[in-house]
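> Make a model of this:
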Amino acid sequence: MVTINANPDDLFQELVEKTKYLGDVKGKLLEAYQTASKYHAGQKRESGEDYITHPLSVANILAELETDLPTLQAAILHDTLEDTPLKEEELKEKFGLEVLSIVQGVTKLSKVQFRSSKEQQLENTRKMLLAMASDIRVVLIKLADRLHNMRSVEVFRKDKQKRIATDTMEIFVPLASRLGIYRIKWELEDLSFRYLEPEIYYDLSKQVALKRSEREKLVQQVMEELSEYLQNNDIKCEISGRAKNLYSIYKKMEAEKKGLDEVFDLHAVRVLVDDISTCYKVLGIVHSIWKPLPGRIKDYIAVPKSNGYQSLHTTVIGPWGNPVEIQIRTHQMHDDAEYGIAAHWRYKEGKIQFSPDYNQKLSWLRQLLEWQREIKPSDEFVEMVKTDLFSDEVLVFTPKGDIINLPVGATPVDFAYRIHTNVGHSCIGAKVNGQIVQLSYKLQTGDRVQILTSKHINGPSRDWLKFVVAHSTKERIRSWFRKQTEEEQPKQKDEPEPVKALPKPRKLPKFGKGSPMISVKGIDNAPLMLARCCNPIYGDPIVGYITRGRGISIHRVNCQNLAQLKKDSERILEAEWIKSDLVRAYVVNISTTVENKPGVLAKLSSVISEEGVNIQMAKATPVDTQRSRVMFAVEVTSIKELQDLISRLERVPEVKKVVRH
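Numbers count the residues shown, from 1 in each chain. As a prediction, this is how the structure comes out:
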């Protein structure tokens, strides 16, 4: 057993020194220390230390974030309700309802034994989110608790070290990042890296140590030159150098497939100024001294990260031809980056005072809890949290200029569902930067996205599941289909009656071939025709194409031929359907892949008949010994009618796939 000699009284004195920002609070902290010492008396940690050293260490970590007094008192007492005989009534009487509430919140986040690790992970994730929603200070204590435990994790067996490090890297590191507390994030990353990849960690740390002196010389040279230029321009600033954490260096080497010798920006120079306009002025001066590397200028002030991080980043060719990263931000932005969400409240006159943008900083949490209410399957919720909350992201704009963050690889459909579930369900197309794109288009940071919707559409397409990325999007689509299945279940018969012939056609009034109900922007009297290559129907997102001498052909926006036609972009026109009481029948080809079972064609024909849809043609061809492909030519009056039909067919047990041609 490893013993780490930490004296509780020394830790308490250190805490008193760190909390001078609160004024004279020694007496209140001392009362919490004495109470915790009394109830933890005789308890030891795995390291052999007195247990009280752990809550004192947690409080010290939180004091470095300048948290309020109740948070520090709760940190000292955070294990008393769970691990000691201390009663809630006594804790409330001594320290008040606020401290009791925080300690109760931390206690609820304690691990619970479940039947499987997946259940435990789900429950911990749910509890963490709910705790954040009720009082973010609960999670700050949990983060500090995890950081101190990681600092002393070497006392455990290697398998347990790895398990704790994995949990830390998957949940606590991205959580610290989301809360914007980078100082905790970086240390958790490096500690986890040390136990997950020990050989790589120690080898890389040795290499970095060997290069440290020359890197520090480079950074010092940059700081001195930059300071002189800024002073000459009467700019008040603070300049400092920061070594990048080991894990971020490793990830950079891995992503760029480079050795350490090829990675130059191991250190960053940071410039702090008073206001935003000065940030940009400093950036201009930096670029007048050293040439910037193309593609390495990042403006997180104009477009902040989803956790609120703001700064200007540029990598320049510095002294002796070596690249150096320079970060420029205001003092407030720096506080936000160091303290994260904790920077948005201050403890004054016995009360917490929240900054005006505190609620905005936690908008992502409210969104996540809204998804939690919508998504029923528990394991899907855990995957959604990992994919949507803790993944890399792209930042795109709404037509009004609002910023939406999405996972890398996200599509317009993911964007639509991020705006609102109903926007996703009624999505019929999308424009990116003013151009119509496929719904499977992968969005890039900076794209301006407009979603096209239709009142005639009230549900998603199952095909979207093939290309959407966000787990929340997938679950909302699946949830819609589950709900439809539940509503249809009572209507379905156990044994559908066989159909010996195609159902009797219904009679529909029709327009003439040259008169589709369509308006083309800027065109009044040109003849219109529906393109046979894609057979658009009422409600489909459409565009017009000026043909040579045959008027305007109307195509679906996702028509394969349209991609070729777009080379003559000036001949592409905006088009939309005109609402009318008159009904037109459109012929659509549907391909179904089915299991080879007796009566399946009759069952499909019966479903189509029940939907009131005419069948013009039906043809079955074998795919293999197990499956067949059944083609139908059907008459429908709108995209809604077609989607309802496809949805019904997809719920037939023998049907594996339904595709519109």
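
> average pLDDT across stretch 401-410?
Taken as a whole, stretch 401-410 has a mean pLDDT of 81.

> Quick one: end-to-end distance for that stretch.
18 Å (Cα to Cα, to the nearest Å).

> Could you do stretch 255-274 as well?
35 Å.

> Identify each buried residue in that stretch, please.
By 16 or more other Cβ atoms under 10 Å, the buried positions in stretch 255-274 come out as 260, 263-273. For glycine as for every other residue, the C-beta is placed from the backbone atoms N, C-alpha and C.

> What is the helix or strand hosting Lys657 packed up against?
Here Lys657 sits within strand 655-660, counting by DSSP states H and E. Here strand 655-660 touches strand 586-595, helix 639-650, going by 3 or more Cβ pairs under 8 Å, 6 or more residues apart in numbering; DSSP states H and E.

> how about a cut-off of 10 Å?
Contacts defined by 3 or more Cβ pairs under 10 Å, 6 or more residues apart in numbering; DSSP states H and E place strand 655-660 against strand 586-595, helix 600-610, strand 627-636, helix 639-650.

> residues of that strand that come out buried?
In terms of neighbour count (16+ other Cβ under 10 Å), strand 655-660 has its buried residues at 655, 658, 660.

> Now render these as CSV, adding pLDDT and distance to Gly544.
Output for the buried residues of strand 655-660, formatted as CSV (pLDDT from 0 to 100; distance: Cβ to Cβ, whole Å):
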residue, pLDDT, distance to Gly544
Val655, 89, 35
Val658, 91, 29
Arg660, 88, 21
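
> just how off-centre is stretch 223-235 within its chain?
Distance of stretch 223-235 from the chain centroid (Cα atoms, centre = their mean, to the nearest Å) equals 40 Å.

> Domain parsing of this structure, as residue ranges.
Annotated domains of the chain cover 8-196, 208-340, 392-488, 493-506+585-660, 518-577 [automatic domain parsing].

> rewinding a little: which ones among the buried residues of stretch 255-274 map onto strands?
Among the buried residues of stretch 255-274, the ones falling in strands (DSSP state E) are 267-273.

> Tell me the one among the buried residues of stretch 255-274 nearest to Ile239.
Val271 (5.4 Å; Cβ to Cβ).

> thinking again about what came up before, got JSON lines for the domains of the chain, with distance to Tyr202 too?
Output for the domains of the chain, formatted as JSON lines (distance: least, Cβ to Cβ, whole Å):
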{"stretch": "domain 8-196", "distance to Tyr202": "8"}
{"stretch": "domain 208-340", "distance to Tyr202": "10"}
{"stretch": "domain 392-488", "distance to Tyr202": "27"}
{"stretch": "domain 493-506+585-660", "distance to Tyr202": "52"}
{"stretch": "domain 518-577", "distance to Tyr202": "53"}
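
> okay, stretch 239-248 in PDB with CA atoms only?
Output of stretch 239-248 as PDB, limited to C-alpha atoms (Å, rounded to 0.1, in the frame of the first residue of the first chain):
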ATOM      1  CA  ILE A 239       1.800  38.300 -22.200                       C
ATOM      2  CA  SER A 240       2.500  34.800 -21.000                       C
ATOM      3  CA  GLY A 241       3.700  31.400 -22.300                       C
ATOM      4  CA  ARG A 242       1.900  28.100 -21.800                       C
ATOM      5  CA  ALA A 243       3.100  24.600 -22.500                       C
ATOM      6  CA  LYS A 244       0.400  22.500 -24.100                       C
ATOM      7  CA  ASN A 245      -0.700  19.500 -22.100                       C
ATOM      8  CA  LEU A 246       0.800  16.100 -23.100                       C
ATOM      9  CA  TYR A 247      -2.500  14.500 -24.300                       C
ATOM     10  CA  SER A 248      -3.200  17.300 -26.700                       C
END
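
> Nothing else from me, thank you.
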